[in-house]
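J.: quick check, what structure comes out for this input:
(chains A and B)
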Protein chains: 2
Amino acid sequence: MVFKTNATIAQFGGKLLKLSHDSKVTKTPMDVNVFIPSSSTKNIPVLLYLSGLTCTPNNATEKSFLAYFAAKYGFAVVFPDTSPRGADIAGENESWDFGTGAGFYVDATQEPWKNNYQMYSYVHGELIDALTEAYTELDFKNISITGHSMGGMGALVGYFKQPRAYKAVSAFAPIANPSVVPWGEKNFGGYLGADKSLWAEYDPTELIKNYKGDDSATILIHQGLDDPFYEKELKPQNLVEAGKNYKGGIELKLVEKYDHSYFFISSFVEEHAIHHAKYLGLI
Amino acid sequence: MVFKTNATIAQFGGKLLKLSHDSKVTKTPMDVNVFIPSSSTKNIPVLLYLSGLTCTPNNATEKSFLAYFAAKYGFAVVFPDTSPRGADIAGENESWDFGTGAGFYVDATQEPWKNNYQMYSYVHGELIDALTEAYTELDFKNISITGHSMGGMGALVGYFKQPRAYKAVSAFAPIANPSVVPWGEKNFGGYLGADKSLWAEYDPTELIKNYKGDDSATILIHQGLDDPFYEKELKPQNLVEAGKNYKGGIELKLVEKYDHSYFFISSFVEEHAIHHAKYLGLI
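T.: Predicted coordinates:
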């Protein structure tokens, strides 16, 4: 067992596992939380939930209430961390929206980040492979993906770059077009350098233009209209515009009065759970 | 308006208000959170949720998921704080289970606490009166009460001491017989002094013995069997034993594997919400 179990907590009739393991990809210890419903003892489908800036695996675990619906519909949820921690890189902890807690789910190509900040390969590769081996009751061939803000971006990127990996995608207030917003410029510039052709490899709005995979699954996105980051950093309409030819359609739900917080996420998590349960074959 | 609105947050189709006001009873500023569902514009029933040791109004607001079910069934939820804060009493912040965050929902009779630590009168009196005046859409004549741990004790005490105030009571892992456990001895001793007849005034197991009010509403209690405080501090069986003549019955549900955390609370909050919705006339 590559994972150390730090806690096993009863929740919604199932169990929440707080795990850690030594990542070869990030060269740091990594925490991950996994909720496993009691609904079945084998072939349990999985939803991968990617968190936003500053979050550890615990924030969404405690505040999203996703596990309630995962228990109800019968899928597991994996909550990875948002960056390596303790990589001991100069500047890593200087800002809340770059470095620690802000891996942006990319594989960095630039010094001093590239040795550790390989979150794309970690989340979509090493982590899934390790969990597949350790938790044989989970069916990582029947997996779907979602996330919030930076994690919504990471979910969309993973879905577009690996068309056969994920059955469906949804996102809460995703950074939908990072190449043209301050958060993207700061992080892509830092991790990927000045060459914007590489930025496009991690930009949902760029990726959907050339997407060649199965496009039958509707993409569900919620965006609060009182979200302070909406117009400056998130720009979901750019994704909708770029994805006009995506057959399943992008269902962008603009919700009045909602902000960017976990109160927003938990208010719509039921709709996302039903979305994924459908594509995971559970309803 | 006696309340200052620090935040209005959209949640589950309704709104979460983060409020503060100057309490005449505690002589300190007090925070309180109120969730108001969108289901109605008048006569909205209310559930009062009393939190456990160390909690502010935010913990249960963020982690209990009670608001999801309040929105579903159409009641408001009031989340008071657990003690005065900043009363500037020597020793107030020395331990996590006495003083700040640990008001035990009693009216202190002892120095130096009695000037501020009047949480029974605050929660069941001043706070409800002030909210009644400020939020006329809420019907505080149709109110029910619940809580966790110290707050489960506070809920039971309020219900037994004021039979006409609350339609029903439930509790998550309540301190059911504080007079005979270390937490009760520490706090009742500190706030109420050595005279144990006064302790009995705030002990659910003592109060139920002489309860003369309407006893038709079932009392619902969940208790996790992996709760580290279960046997030493909580003792719900003492309440069940003392309440043999309570007609509605005490439904004590001992749940295997569950602990004392918000994961335990949120796992059973649906059952408690349905319990209260029933007695509030909503289902």
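J.: who touches the most centrally placed residue in chain A in this structure?
T.: Nearest to the centroid of the C-alpha atoms of chain A, with distances taken as C-alpha atoms, centre = their mean, sits residue A:50, at 2.4 Å. By C-beta atoms under 8 Å, 6 or more residues apart in numbering or on different chains, the residues touching residue A:50 are A:80, A:82, A:105, A:123, A:145-148, A:150-152, A:154-155, A:158. All C-beta spots, glycine's among them, are computed from the backbone N, C-alpha and C.
J.: in the sheet, who's paired with it?
T.: Here residue A:50 sits in beta bridges with residue A:147, going by DSSP bridges.
J.: for residue A:79, same thing?
T.: With DSSP bridges as the rule, residue A:79 is bridged to residue A:33.
J.: burial count for it?
T.: 29 (other C-beta atoms under 10 Å in any protein chain shown).
J.: pretty sure it contacts residue A:49?
T.: Yes - judged on C-beta atoms under 8 Å, residue A:79 makes contact with residue A:49 at a distance of 5.3 Å.
J.: overlap in contacts, those two.
T.: residue A:60.
J.: what parts of chain A come near chain B?
T.: With the criterion set to C-beta under 8 Å from any C-beta of the partner chain, chain A comes near chain B through A:9-13, A:15-16, A:62-63, A:65, A:68, A:224, A:226, A:255-259, A:261-264, A:266-267.
J.: can you tell me which of those residues are buried?
T.: A:9-12, A:15-16, A:62-63, A:65, A:68, A:224, A:255, A:258-259, A:261-264, A:266-267 (16 or more other C-beta atoms under 10 Å in any protein chain shown).
J.: which of the residues you listed fall in strands?
T.: Of those, the ones assigned to strands by DSSP state E are A:9-11, A:15-16, A:224, A:255.
J.: find the nearest non-adjacent residue to residue A:227, please.
T.: Among residues not flanking residue A:227 along the chain, residue A:260 sits closest, at 4.4 Å (C-beta to C-beta, 6 or more residues apart in numbering or on different chains).
J.: neighbours of residue A:149, just the number please.
T.: Residue A:149: 26 neighbours (other C-beta under 10 Å).
J.: contacting residues around it?
T.: Residue A:149 sits next to A:52-53, A:172-175, A:229, A:234, A:260 when contact means C-beta under 8 Å, 6+ apart.
J.: quick check, pLDDT for it.
T.: On pLDDT, residue A:149 comes in at 98.
J.: what's the answer for residue A:39, then?
T.: 75.
J.: kindly report the same for residue A:242.
T.: With respect to pLDDT, residue A:242 scores 98.
J.: centre of the chain versus stretch A:212-222, how much separation?
T.: Offset of stretch A:212-222 from its chain centre (C-alpha atoms, centre = their mean, to the nearest Å): 15 Å.
J.: buried residues of that stretch, list them for me.
T.: For stretch A:212-222, by 16+ other C-beta under 10 Å, it's A:215, A:217-222.
J.: dump those residues to CSV, plus secondary structure, distance to residue B:195 and pLDDT.
T.: Converted to CSV, these look like this (DSSP: H, G, I helix; E, B strand; the rest coil; distance: C-beta to C-beta, whole Å; pLDDT from 0 to 100):
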residue, secondary structure, distance to residue B:195, pLDDT
A:215, coil, 75, 95
A:217, coil, 69, 97
A:218, coil, 67, 98
A:219, strand, 67, 98
A:220, strand, 62, 98
A:221, strand, 62, 98
A:222, strand, 57, 98
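J.: relative to residue A:235, how far out is residue A:151?
T.: When distance is defined by C-beta to C-beta, to the nearest Å, residue A:151 is 16 Å away from residue A:235.
J.: more neighbours, the two?
T.: Shown here are residue A:151 and residue A:235; by other C-beta under 10 Å, residue A:151 has more neighbours (30 against 22).
J.: ok, then the element right after the host helix or strand of that one?
T.: According to DSSP states H and E, residue A:151 maps onto helix A:150-161. Downstream of helix A:150-161, the next assigned helix or strand under DSSP H and E is strand A:170-172.
J.: neighbours around residue A:244, how many?
T.: Applying other C-beta under 10 Å, we find 10 residues neighbouring residue A:244.
J.: show me the strands in the stretch 1-150 of chain A, by range?
T.: For the stretch 1-150 of chain A, the strands defined by DSSP state E, counting those that start in this stretch cover A:4-11, A:14-22, A:29-36, A:44-50, A:76-80, A:138-147.
J.: and the third one, what does it pack against?
T.: Spelled out, that is strand A:29-36. strand A:14-22, helix A:57-63, helix A:66-73, strand A:76-80, helix A:127-134 (3 or more C-beta pairs under 8 Å, 6 or more residues apart in numbering or on different chains; DSSP states H and E).
J.: so of those, which one's packed in deepest?
T.: Stretch with highest mean neighbour count among the helices and strands packed on strand A:29-36: strand A:76-80 (a mean of 27; mean count of other C-beta atoms under 10 Å in any protein chain shown).
J.: kindly format the C-alpha coordinates of that one as PDB.
T.: Provided in PDB are the C-alpha atoms of strand A:76-80 (Å, rounded to 0.1, in the frame of the first residue of the first chain):
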ATOM      1  CA  ALA A  76     -16.700   7.700  -4.700                       C
ATOM      2  CA  VAL A  77     -15.100  11.100  -4.600                       C
ATOM      3  CA  VAL A  78     -11.300  11.800  -4.800                       C
ATOM      4  CA  PHE A  79     -10.200  15.200  -3.400                       C
ATOM      5  CA  PRO A  80      -6.500  15.800  -4.400                       C
END
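J.: turn the strands of the stretch 1-150 of chain A into TSV, including distance to residue B:29.
T.: Converted to TSV, the strands of the stretch 1-150 of chain A look like this (distance: least, C-beta to C-beta, whole Å):
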stretch	distance to residue B:29
strand A:4-11	35
strand A:14-22	36
strand A:29-36	36
strand A:44-50	37
strand A:76-80	36
strand A:138-147	38
